[in-house]
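Asker: sequence unavailable; structure follows:
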């Protein structure tokens, strides 16, 4: 039996009615080990204007590189209650923020470890299907050998790596540029 | 080939974990669809980078049962009084492309009220709000992948996409499925709605059969006598591919 996946449609401008109940901007929660980070940024359209009606969903492993999911068969510890899911809306200026822990390395193709990363879905009015991207961490020595970063032209890789915010410990900045010169790398996956 | 030491092997079965299938040609919308004006400044212009599924994409949030409020599937009982409009039952199954049910997965819905107005700050349409209707709900599918919502039929409403633009009646659906790769947001339409052929959002997908699967089916089996009409809407999520994850190196 072979069916075809249902067609994607935009979330439209009013998704907050149905989606706000599941907003989570503290992804790791209390009692979860790891280096705490705050990630903040903006979603920008082709005119450089903030997108006020976007929503990001984040999925990540814990600090050991273990996903809270039955298909992750690695023998690594997992905190009870850790889900690894976040959902954050943008505000009137297109800004968003969330806090979490830096995840550990998870295996990539051939079992080779990937650099620590978060996977992100972007939903908004005007997006007929979600956009998929990743957030990597600045100065991580594993970035240079990462599978997904290696697929990207060198000059565009920086769109996937968060920047340190000077003067604030653990604060990282990362923007989603939907189109234009500094367009964020989006993945087909 | 699969590496014996690979951490993504299943120790019990020794079977590598499989990836999810990519969409069939034409069955998913492009990012840019100019008749839908909002896509013009928001669609990426550079080609997407093809990524083989890794453990990050074949896993996804597993919500504990208590995440879902069992009362959230009846949108007609969220306030003191009954909402205005025609009561309906919307039900169906969440299946994968192999026809297997997707159990215990979160389904979220949101919609306009019977007059075609959303309870949202940015909806300025001159139609009345209903104090007894918020227009949102959620449910977890059961072990057979079934879900059911009780709600009112949403009204059609004007939007400013082009001159005299009206959206057909629709309910927004958000479904997680078993993995990050299976996440889906879509819209369900109603059979016989005369606005459907004119809707740029409905029409964004090239494949006509795929588009038409967004139209629910009137269903006597779930129609409640003296109470509510039944509409059936099955949702298909990307299924497992035959290719194991480790073979995509």
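Answerer: That came through, no problem. None of these values were measured; they are calculated from a predicted model.
Asker: can you name the residue of chain A nearest to chain B?
Answerer: As assessed by C-beta to the nearest C-beta, chain B sits closest to residue A:18 within chain A, at 2.7 Å. Quick note: C-beta positions are derived from backbone N, CA and C, even for glycine.
Asker: apart from its neighbours in sequence, what residue is nearest that residue?
Answerer: residue B:110 (2.7 Å; C-beta to C-beta, 6 or more residues apart in numbering or on different chains).
Asker: for that neighbour, give the beta-bridge partners.
Answerer: When bridges are called by DSSP bridges, residue B:110 pairs up with residue B:136, residue B:172.
Asker: so residue A:37 makes contact with residue A:172?
Answerer: Yes: between residue A:37 and residue A:172 there is a contact under C-beta atoms under 8 Å: 5.5 Å.
Asker: list residues touching both of the two?
Answerer: Shared contacts of residue A:37 and residue A:172, defined by C-beta atoms under 8 Å, 6 or more residues apart in numbering or on different chains, comprise residue A:137.
Asker: which parts of chain A are strands?
Answerer: Taking DSSP state E, the strands of chain A run over residues A:36-44, A:54-59, A:85-89, A:95-101, A:117-124, A:131-136, A:163-164, A:171-173, A:176-177, A:187-188.
Asker: format these as CSV; extra columns: distance to chain B, mean pLDDT and mean neighbour count.
Answerer: Formatted as CSV, the strands of chain A follow (distance: least, C-beta to the nearest C-beta, whole Å; pLDDT from 0 to 100; neighbours: other C-beta atoms under 10 Å in any protein chain shown):
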stretch, distance to chain B, mean pLDDT, mean neighbour count
strand A:36-44, 9, 98, 21
strand A:54-59, 5, 98, 24
strand A:85-89, 4, 97, 20
strand A:95-101, 14, 98, 19
strand A:117-124, 5, 98, 24
strand A:131-136, 7, 98, 22
strand A:163-164, 21, 98, 14
strand A:171-173, 19, 98, 17
strand A:176-177, 9, 98, 22
strand A:187-188, 4, 97, 15
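Asker: right, and those strands - which one's nearest residue B:45?
Answerer: Residue B:45 lies closest, by C-beta to C-beta, to one member of the strands of chain A: strand A:176-177, at 10.7 Å.
Asker: wait, is residue B:38 part of a strand?
Answerer: No: applying DSSP: H, G, I helix; E, B strand; the rest coil, one finds residue B:38 to be helix, outside a strand.
Asker: so who does it touch?
Answerer: Residue B:38 makes contact with A:10, A:125-126, B:161, according to C-beta under 8 Å, 6+ apart.
Asker: hmm, 7 Å instead?
Answerer: Counting by C-beta atoms under 7 Å, 6 or more residues apart in numbering or on different chains, residue B:38 touches A:125-126.
Asker: same check on the one 4 residues further on?
Answerer: For residue B:42, the residues meeting the contact criterion (C-beta under 7 Å, 6+ apart) are A:45-46, A:124, A:126-127, A:178-179.
Asker: same deal with residue A:33?
Answerer: Per C-beta under 7 Å, 6+ apart, neighbours of residue A:33: A:63, A:79.
Asker: residue B:61 now?
Answerer: A:59, A:83-85, B:176.
Asker: count the neighbours of residue 110 for me.
Answerer: This is for chain A. A total of 15 residues lie near residue A:110 under the criterion other C-beta atoms under 10 Å in any protein chain shown.
Asker: actually, chain B is the one I wanted.
Answerer: Residue B:110: 27 surrounding residues under other C-beta under 10 Å.
Asker: for it, give me its contacts.
Answerer: Residue B:110 sits in contact with A:14-15, A:17-18, B:135-136, B:172, where contact means C-beta under 7 Å, 6+ apart.
Asker: just flag the most distant two among those residues.
Answerer: Based on C-beta to C-beta, the longest span within those runs between A:15 and B:135 and measures 11.3 Å.
Asker: in the strand or helix carrying residue B:209, what counts as buried?
Answerer: In this structure, residue B:209 sits in helix B:208-212 according to DSSP states H and E. In terms of neighbour count (16 or more other C-beta atoms under 10 Å in any protein chain shown), helix B:208-212 has its buried residues at B:210-211.
Asker: how about the contacts made by the most centrally placed residue in chain A?
Answerer: The residue lying closest to the centre of chain A (C-alpha atoms, centre = their mean) is residue A:120, at 3.0 Å. Residues counted as contacts of residue A:120 (C-beta under 7 Å, 6+ apart) are A:56-58, A:133-135.
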